[in-house]
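1. Build the 3D model from these lines:
(one chain, ligands or ions: 1)
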Amino acid sequence: MERTQTIHYQEYTLNELAAADRALIDAAIEATDTAYAPYSNFHVGAALRLADGTIVKGSNQENIAYPSGLCAERTALFAASAQHPGVAIEMLAIVGRNPEGVLTAASPCGACRQVMAEQESRQESKLRVLCYYSADKILVFEGVESLLPFIFSM
Ligand code: THU
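-> Prediction:
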């Protein structure tokens, strides 16, 4: 029997977002400056807002032995977990900067989605994800289920 699963997300322009959400995008844009990406020249910034208002930033950190590097999202998620244990993460904003220096989309990879899923189940509350595509197009996911359907569980 064929079945269909629908994924829900919202699309906003930068101006339509709440000020706190715009500020998180700005923090993610700032974080692109700390990327270490000499191999791809693709700079990714991530910024998390914790339940206590703290903002934690991350950026991609590459390595000459490619798999040893890490995406911006996991850099930020693991930093938050290590430095602010037990504090829920409300929101994650992600922005890419291409080799020409232009802001562009960075939709999270599968491994980062899996780590977001684990964080959500640990904190027992939704983790909103904001993906910047352009100033006219910001996708908002109200939880990881929309980004990773049929999440692994035991
Ligand atoms: N990258 C991220 O940091 N986040 C994403 O969502 C996708 C890709 C990084 C990994 C690598 O350093 C570079 O972008 C190119 O793949």
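2. From now on I want contacts and neighbour counts done on CA atoms only, so please keep to that.
-> OK.
3. Contact residues of this protein facing the ligand?
-> A37, S40, F42, V44, N60, E62, C71, A72, A106, S107, P108, C109 (Cα under 6 Å from any ligand atom).
4. wait, is the second one part of a helix?
-> Read it as S40. No. Applying DSSP: H, G, I helix; E, B strand; the rest coil, one finds S40 to be coil, outside a helix.
5. can you pull the contacts of it?
-> P99 (Cα atoms under 8 Å, 6 or more residues apart in numbering).
6. and it, how far is that from R113?
-> For S40, the distance to R113 equals 21 Å [Cα to Cα, to the nearest Å].
7. Can you show me the helices along the chain?
-> Here the chain has its helices, by DSSP state H, at 19-31, 72-83, 110-123.
8. Of these, give the one that comes closest to K137.
-> helix 19-31 (12.2 Å; Cα to Cα).
9. is it true that K126 touches V144?
-> Yes. Counting by Cα atoms under 8 Å, K126 does reach V144; the two are 7.4 Å apart.
10. what's the first-to-last distance across stretch 126-143?
-> From start residue to end residue, stretch 126-143 stretches across 5 Å - Cα to Cα.
11. Please tell me how far G86 sits from A80.
-> 9 Å.
12. Can you report how many residues neighbour F152?
-> Under the neighbour criterion other Cα atoms under 10 Å, F152 is assigned a count of 9.
13. mind pulling up the phi and psi values for it?
-> Per-residue torsions, F152: phi -60, psi 140 (degrees, to the nearest 10).
14. confidence score at it?
-> Note for F152: predicted pLDDT of 87.
15. repeat for P85
-> Reported pLDDT for P85: 97.
16. cool, and the one 4 residues further on?
-> At I89 the predicted local distance difference test score is 98.
17. next one: the one 5 residues further on
-> You'll see I94 listed with a pLDDT of 98.
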